[in-house]
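Trainee: turn this into a model:
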Amino acid sequence: MDINNFEIIKQSLGNVIYSQKTQEMATVRKKSYTNLIKWFNIILVGMVLLVLCIGLFNPNEQIYNKIGAVLTVIETLFLIFQLNFNPEKESLEHKNTANKLWLMREKHLNLLTDIKNEIFDFATNGQKRDLLTRELDEIYRNAPQTSRKDYEKATKALNTDERPRADDSEMETFLPENMRQL
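Mentor: Below is the predicted model of the structure:
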């Protein structure tokens, strides 16, 4: 068996697993942020409408018109903010990256299986490894930025599912049973 390529690809698999989970955590974070923005927008629009309606029925009270005008300005500024920063799009980008990383995880597992079963020769194993590395590089280059908090949540999620950090001895739990304990 091509143990050197097996070990390199196994380590890469661990990195892919962590990257995928980190992108998933970023997706959750951005979705929460998006929902918060939507609710804030709904409340702000509701307040504008309420104040302006009250102002319509109390024409002698100019304070309602002034409050309505201030709330309208705030709502306009908030809409401009939403147009410039699109967390929904960012959430979708994180999700798409996580999906691509899932495919890379499966390709890594398949290649590890092929190496273990000695399907290819050493040269072919190296070529397939290099191809995976190039594909992974392309995904990482186009991946949206995650935060340290996303990574910490991913680490916690992987470890609480009894999945260890991606060091060599603990990496075995990421592998299917038949590929452990070479």
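
Trainee: every contact and neighbour count from this point should use C-alpha atoms.
Mentor: Will do.

Trainee: checking the spatially most central residue of the chain next. Helix, strand or coil?
Mentor: Geometric centre of the chain, nearest residue: residue 23, 2.3 Å, by Cα atoms, centre = their mean. What DSSP: H, G, I helix; E, B strand; the rest coil gives for residue 23 is helix.

Trainee: that one contacts residue 148, doesn't it?
Mentor: No. Checked against Cα atoms under 8 Å, the pair residue 23 and residue 148 is beyond contact range at 11.3 Å.

Trainee: could you point out which element follows the helix or strand harbouring residue 29?
Mentor: Element membership of residue 29, judged by DSSP states H and E, is helix 3-57. Next along the chain after helix 3-57, taking DSSP H and E as the criterion, comes helix 62-84.

Trainee: the helix or strand following that following helix vs helix 62-84, what angle?
Mentor: Once the chain leaves helix 62-84, the next helix or strand it forms, by DSSP H and E, is helix 87-116. With axes from the mean of the first three to the mean of the last three Cα atoms, to 10 degrees applied, the angle from helix 87-116 to helix 62-84 works out at 30 degrees.

Trainee: would you indicate which residues of helix 87-116 are buried?
Mentor: 87-88, 90-91, 93-98, 100-102, 104-105, 107-109, 111-113, 115-116 (16 or more other Cα atoms under 10 Å).

Trainee: and for stretch 74-87?
Mentor: Buried-residue list, stretch 74-87, by 16+ other Cα under 10 Å: 75, 78, 82, 87.

Trainee: for that stretch, the distance to its chain's centre please.
Mentor: 23 Å (Cα atoms, centre = their mean, to the nearest Å).

Trainee: hmm, who's touching it?
Mentor: The contact list for stretch 74-87 (Cα atoms under 8 Å, 6 or more residues apart in numbering) reads 30, 31, 33, 34, 41, 44, 45.

Trainee: could you redo the last one with a cut-off of 7 Å?
Mentor: Applying Cα atoms under 7 Å, 6 or more residues apart in numbering, the set of residues contacting stretch 74-87 from outside is 30, 34, 44.

Trainee: so where's this protein uncertain?
Mentor: The chain contains residues with pLDDT under 70 at 161-171, 174, 181-182.
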